[in-house]
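In: my questions concern the predicted model and sequence given below.
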Amino acid sequence: MTDDGLKRNELDAKAGASGTCGAPGTAPVSGVSGPSPAARAPRWAVRVVAVGLVLAALNLRPAIAALGPLLKEVRSDLGMSGTVAGLLTSVPALCFAVFGSLAPRLARRRGPVPVVLAGMITITAGLALRPLAGGTAAFVAASALALAGIAVSNVLMPVVVKRWFPTRVGSMTGLYSMGLALGTSCAAAVTVPMTGALGGSWRAGLGAWALLGVLALLPWAVVLRDPYSRRAEHDPGLAEHDPGLAEENTGGTARDTGPESPADAAPSTTAAPGTSAAPGTSGTPGTSGGSGTATTTPRPDRRSSAPDGTRIRIGTSPTAWALGAFFGLQASAAYIIMGWLPQIFRDAGVSASSAGLMLAVTMGMGVPLAFVVPRLAARMRHQGPLVVALGVSGLTGYAGLWLAPAAGAWVWALLLGIANCAFPVALTMIGLRSRSSAGVVKLSAFAQSTGYLLSIPGPLLVGALHDAAGGWDVPLLLMTALLVAQTVTGVLAGRDRVIEDDRRVRD
C-alpha cells in the first residue's frame, strides 16, 4: 500500500514536471501550476505518513473505549447519576460535531499535517489530565479536551488518505479503520487488568493511555519537517475557493474518483468525453490522458461530467444529508455500545473483567473486517445490501441482549461487532460520494459534523431510560429503532451517485 503511494507520487511528480498532471486525486488540467504537496513529498515522508495514519487510528478511541469497563467505578467515585453518565457518553458526539467542523478551515490555513499533530497533542493532554479530576465537571472537561483532538483528526484522516494514497483509498481506509478497531478493542480488554496491575485505581488505568498519545504524535512531528507535506496553499482538496476546484469538476476530471481507484474497480475499455482512457485506449481531448495518452481509471459514467465552474453547496445535497444521517446513527450505536454494553453485561451477572473482554470482542471484530469491508464497499455500485447485512447482524445482537444477555453474551458481542463495521462503510462512502478532493473534504466535514450532532441524544436517552425504567428493556427498544433508521439511511446513502451530480448542489 505504501509502495503504491510512493510509485504514484513518482508518476505524479514526473507528469507534473512536464505540465500534464495535477495533484493526486485530481485531473491533470493544463494551466494548473505543478503537482500537489503529496506528489512532491519525498519517499520517507510518504512512509512516515502511513505509520502516522496507523498510530493516529490506534489513538482515536481509547479515550472513549477505556471508560466503559470502568464506568461503574468512575460513577461511584465522582457521584454520577445515570443521566449524567449518559451525558458523558454523549460528549464524544458533541465534541466531534463542534470541533470537527473546524478541521477544514484549520487545514486550509495550516495544512493537514500540522493540524493532525495538534490533534494528537490535544488528545494526549486530555488523557493525562482526566485522572487528576476531582469532580464530574473537571472529568467531563478533560474528556472534552481529548475529544476535541479526536474530532479534528477524525475529519482529516480521509483527507490524508485521499492526498497521499489516491490509488489505494479503499485499502488505506481499511488499514485506518482496522487501527481504530484495534485501538478500541485493546482499550476495552486491557484497561481493567491494567488498572489492577497499577494498584486498582481507575485514575491510573485511564491515565496510562496518555502514553499511547505520546507515541502517536511522533510520526506527525517528523513529517512536519518536510516543507511540501505541511503546505496547504496548493492543495485543491483543502482550499474552499481554490482556482483548481472548478477545473477538478469540469469534463476533464477524475483520474481518481475516490475509493473506486484502479486498484479497487475494473478499468474501463473506452474513454468517453471528459473521462480518462483505459489502458490500451487513446485519450480524447480534455481527458486526463493528456496528448493522446491513456491512464487507468474506473468506469466512465455520469460521475465524470459536471458543469464548468461548479462549486459545491454541500448543505443542499440529498446525498450528503443521507450520508450524514447514516454516519450519525451508526455513531450513536457505536457510542451506546462502547458506553453501555459492559454495564448491560454486568447487570446480567457478568464480571467486570469478562464484560471488558466482551466489549473487546465487539470492537475487535473490526480489526479483520475493517480491512475487508471497505474494499468490498468500494467494489459495489450500491452499498445498500452491505448496509442491510450489517443491520440484520446488529438487530440479532439486540434481540439476544433482550432475551438472554448472560447466556449468549459472547455471541451477542460477536454480532454487535459485525454490526459496528458500518463505520468503515461510512468512511468509504465519503470517498465514493464525491468526484474530487475538494468534494471529499467538504463531504467529510459535513457528514461527520452533522452526523455527530444527530448522534448526541442516543447515549443520553439510553442512560435516562435505564434510570426511569429500572432495566434495559426500554433502552433496547430505542436501540433497535435507531438501528432500523440507520439501515434505511445507509441504503439511501449507498446509491451510486456523487454530490456533484445532485442538481441542487450546483451554482
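Out: Cool, got the structure. Numbers count the residues shown, from 1 in each chain.
In: residues in contact with the helix or strand hosting residue 390?
Out: Taking DSSP states H and E as the criterion, residue 390 maps to helix 384-403. If you take CB atoms under 8 Å, 6 or more residues apart in numbering as the criterion, helix 384-403 is touched by 326, 333, 344, 373, 376-377, 380, 408, 411-416, 418-422, 425, 472-473, 476, 479-480, 483-484, 486-487, 490-491, 494-495. (C-beta placed from N, C-alpha, C; glycine too.)
In: do stretch 370-382 as well
Out: Stretch 370-382 is contacted from outside by 169-171, 173-175, 177-178, 180-181, 258-261, 264-265, 383, 386, 421, 423-425, 427-429, 431-432, 494-496, using CB under 8 Å, 6+ apart.
In: now, those residues that are in helices?
Out: 169-171, 173-175, 177-178, 180-181, 386, 423-425, 427-429, 431-432 (DSSP state H).
In: any idea which residue sits dead centre in the chain?
Out: Centroid-nearest residue in the chain, with CA atoms, centre = their mean: residue 427, separated by 4.8 Å.
In: residue contacts, the nearest residue to that one once chain neighbours are set aside?
Out: Once flanking residues are discounted, residue 427 sits nearest to residue 173: 5.4 Å by CB to CB, 6 or more residues apart in numbering. Applying CB under 8 Å, 6+ apart, we find residue 173 in contact with 158, 161, 259, 374, 424, 427-428, 431.
In: between these, which sits nearest residue 189?
Out: residue 424 (20.3 Å; CB to CB).
In: who's in contact with the closest one?
Out: Counted by CB under 8 Å, 6+ apart, residue 424 has contacts 173-174, 177, 366, 369-370, 373-374, 377.
In: farthest pair in those residues?
Out: 366 and 377, at 14.0 Å, using CB to CB across these.
In: residue 430 contacts residue 441, correct?
Out: No. Between residue 430 and residue 441 there is no contact under CB atoms under 8 Å: 9.5 Å.
In: hey, what's in contact with both of the two?
Out: With CB under 8 Å, 6+ apart as the test, residue 430 and residue 441 both reach residue 158.
In: these two touch, right, residue 359 and residue 66?
Out: No. Look at residue 359 against residue 66 with CB under 8 Å: they stay out of range, at 10.2 Å.
In: what sits in contact with each of those two?
Out: Common contacts of residue 359 and residue 66 (CB under 8 Å, 6+ apart): residue 188.
In: count of neighbours near residue 351?
Out: By other CB atoms under 10 Å, the residues close to residue 351 number 11.
In: distance of it from residue 64?
Out: 22 Å (CB to CB, to the nearest Å).
In: between the helix holding residue 390 and helix 422-432, how big is the angle?
Out: Helix 384-403 and helix 422-432 are oriented at 160 degrees to each other (axes from the mean of the first three to the mean of the last three CA atoms, to 10 degrees).
In: now the next helix or strand after helix 384-403 and helix 384-403, what's the angle there?
Out: With elements assigned by DSSP H and E, the helix or strand that comes after helix 384-403 is helix 409-419. Angle of helix 409-419 versus helix 384-403, following the same axes, to 10 degrees, is 150 degrees.
In: for helix 409-419, what is the distance to the chain centroid?
Out: Relative to its chain's centre, helix 409-419 lies at 22 Å (CA atoms, centre = their mean, to the nearest Å).
In: ditto for stretch 70-89
Out: Distance, centroid of stretch 70-89 to centroid of chain: 27 Å (CA atoms, centre = their mean).
In: give the buried residues for stretch 465-475.
Out: For stretch 465-475, the buried set under the neighbour-count rule, 16 or more other CB atoms under 10 Å, comprises 465-466, 472, 475.
In: between its first and last residues, how far does it reach?
Out: 6 Å (CA to CA, to the nearest Å).
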